[in-house]
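Trainee: Quick one: sequence plus predicted model below, questions after.
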Amino acid sequence: MRNIHTGLTKAGLSDIQVTTANSMAILQDSFPPSSAIFNVSFSTSFMKPLLDYLHSVGSFLMINAYPYLAYTVDPTRVPLDYALFQAQQPVDDPITGLEYTSLFDAQLDALYFAMEAMGHSELKVVVSESGWPTKGGQGESGATVENAQTYNNNLAARVIKDAGTPHRPNLPVDVYIFSLFNENMKPGAESERNWGVFNVDGTPIYNLDFGGGNASISPTSAPSPITPPVNLTADNSRRTWCIAKPGVSNASLSAGVNWACGQGKANCTLIQDGEPCYQPNTFQNHASYAYNSYFHDNGGNAASCDFNGTAVMTNTDPSYGSCLFPPSLLSSQKNNGNSSSTACQHSLFHWSLQFIPIATALMLRPS
């Protein structure tokens, strides 16, 4: 962060704020919120220097807040309605007397109290990620379309009201919803692949309301269908793949594969020995899969299908047998870098284009 801020300052862009996202795991105790403290194993070595630095550059702390995870870990003690902004009875902080009608607010206040205990009552918290999955596996019964719709609509309605938390009532909360698209190639639990508002082909899973209207939707109600935007249509005529260009030398293809699977961070698992796309074991086949994986992860942007002239786009599905090449949907402005990824991998602070549109919508506040 120091290096980034220094570089921005030298470029005359010191007004750009630098920060990093953290998970709720930075807290050792989070309830009651007023007793929250940072994890003692790194509170002095990491959190205090981080908060001091954020203060020195006039920035803010970012947190990935997921009430869904707290509910999943302990559903007997964390009521579902409390996690979904629908609590019938508030939860009281026995020390301050503050009342919480949502776990989301309790999580934010826990952070504020923990920062205050470390001498930083001036810092703001921005929620870098929050959302709810639409599908889960064993032990993930709360991951449903209805619950995801309820959570995200209620979250949007909460943000639009410019409301603060019980402890910081006059400080509105900025939130980035995760995620715009499902991530069908992501490893891990079933829920990890199903946080999106849209399927990977651009079709909507449920209606997300940014108007602040009827956001309190019952978890048992059927989701309302919506018409997908033009740039997210599932029109097969725009389904595109990136493959190795015929006639290219094996040496050139090998260099392309090495870059895509290495520096390009493409998901090349399926072309490993024993995996569905390993056979036929040819440079042409492996390069095609690696190129398409990189192309797909970069939103089907035409500029990402080049590889020094060894790649070409096609409208013919190169999938075969159990080896599936994920398609991309070309935007009408495919070279502008704004296409949305449908299978991006994300980390604590990997700002993938797939959730910028929703994040932007939530950041727009009524005048």
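Mentor: Everything's here; your move.

Trainee: Quick one: the strands in the protein, in order.
Mentor: Along the chain, counting by DSSP state E, strands occupy 21-23, 27-29, 37-38, 61-64, 91-92, 99-100, 125-130, 175-177, 239-244, 311-314, 328-329.

Trainee: can you list the weak-confidence ranges in the chain?
Mentor: For the chain, the stretches with pLDDT under 70 are 211-238, 329-367.

Trainee: Could you count how many residues lie near the closest residue to residue 326 other than its chain neighbours?
Mentor: If you skip the residues right next to it in sequence, residue 326 has residue 296 as its closest partner in space, 4.8 Å away by CB to CB, 6 or more residues apart in numbering. Placement of C-beta: from N, CA and C, glycine included. When neighbours are counted by other CB atoms under 10 Å, residue 296 registers 26.

Trainee: Distance of residue 107 relative to residue 10?
Mentor: Relative to residue 10, residue 107 is positioned 37 Å away (CB to CB, to the nearest Å).

Trainee: cool, and residue 257?
Mentor: Taking CB to CB, one finds residue 257 at 37 Å from residue 10.

Trainee: what do you get for residue 294?
Mentor: Distance, residue 294 to residue 10, using CB to CB: 32 Å.

Trainee: More neighbours: which of the two?
Mentor: residue 294 (24 against 9).

Trainee: Spit out the contact partners of the closest residue to that one other than its chain neighbours.
Mentor: Counting by CB to CB, 6+ apart, residue 294 lies nearest to residue 266, which is 3.9 Å off, once chain neighbours are set aside. Contact partners of residue 266, counting by CB atoms under 8 Å, 6 or more residues apart in numbering, are 260, 290, 291, 293, 294, 297.

Trainee: Just give the number of residues close to residue 171.
Mentor: Number of residues near residue 171 (other CB under 10 Å) recorded here: 14.

Trainee: Please verify my assumption that it contacts residue 165.
Mentor: Yes. The criterion here is CB atoms under 8 Å, and residue 171 meets it with residue 165 at 7.4 Å.

Trainee: Which neighbours do those two have in common?
Mentor: With CB under 8 Å, 6+ apart, residue 171 and residue 165 have no common neighbours.

Trainee: For the nearest residue to residue 70 once chain neighbours are set aside, grab phi and psi.
Mentor: Counting by CB to CB, 6+ apart, residue 78 is the residue found nearest to residue 70 once chain neighbours are left out, at 5.3 Å. The phi/psi pair for residue 78 (degrees, to the nearest 10) reads phi -110, psi 100.

Trainee: contacting residues for residue 78?
Mentor: When contacts are counted by CB under 8 Å, 6+ apart, residue 78 touches 67, 70, 71, 103.

Trainee: could you check the distance from the second one over to residue 263?
Mentor: Shown here: residue 70 relative to residue 263, a distance of 37 Å by CB to CB.

Trainee: So for those two, which sits in the more crowded spot?
Mentor: residue 70 (21 against 8).

Trainee: so the more buried one makes contact with residue 106?
Mentor: No. Using CB under 8 Å, residue 70 makes no contact with residue 106, being 9.3 Å away.

Trainee: measure the residue nearest to residue 70 to residue 148 for me?
Mentor: 17 Å.

Trainee: ditto for residue 121
Mentor: From residue 121 to residue 148 the distance is 34 Å (CB to CB).

Trainee: between those two, who's got more neighbours?
Mentor: Using other CB under 10 Å, the more surrounded residue of residue 121 and residue 148 is residue 148, with 27 against 11.

Trainee: what's the distance between that one and residue 29?
Mentor: Taken as CB to CB, the span from residue 148 to residue 29 is 29 Å.

Trainee: Could you identify which of the strands of the chain is most buried?
Mentor: Burial of these is given as mean neighbour count (mean count of other CB atoms under 10 Å); strand 328-329 ranks first at a mean of 26.
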